[in-house]
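Enquirer: Here is the input, now give the coordinates:
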Amino acid sequence: MSTDPMILQARQMLRCRQDALRTQRLSNARGVRFAPQEHQELVEVEAALVRIDEGCFGGCECCGGAIGRQRLLAVPEARYCLGCADRRRALAPGR
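Expert: Purely as a prediction, here's the structure:
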């Protein structure tokens, strides 16, 4: 387990978001709809927690470079560095 304070903070933020999304999903049984984007966010959050556990958190899945620490603190579930994320958005359908 990492002792890097940034990774510990990211893990805590991700777990809080995971708990909130799971609670929201459970309220679905009470008539509240769990939107597809919320489901996708939960998948991304859980994948980030796995990356932390596996020791590969913070690496860009596109170029292999490092995702900036500030980006990871702002968006701990980020899978891409800013450059790759911008390129992917530019190539996304509907742009």
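Enquirer: thought Ile52 was touching Arg11?
Expert: Yes: at 5.4 Å, Ile52 counts as touching Arg11 under the criterion of Cβ atoms under 8 Å. For the C-beta atoms, the positions are set from N, CA and C on the backbone; glycine is no exception.
Enquirer: Now do the helices in the chain.
Expert: Taking DSSP state H as the criterion, the chain carries its helices at 5-26, 36-54, 69-74, 82-91.
Enquirer: Can you check what angle separates the first one from helix 36-54?
Expert: Spelled out, it's helix 5-26. Orientation check (axes from the mean of the first three to the mean of the last three Cα atoms, to 10 degrees): helix 5-26 against helix 36-54 gives 140 degrees.
Enquirer: Could you find the closest non-adjacent residue to Ala85?
Expert: Leaving aside its chain neighbours, Ala85 sits nearest to Ala78 (7.2 Å; criterion: Cβ to Cβ, 6 or more residues apart in numbering).
Enquirer: Can you tell me how far that neighbour is from Thr23?
Expert: Going from Ala78 to Thr23 by Cβ to Cβ, to the nearest Å gives 23 Å.
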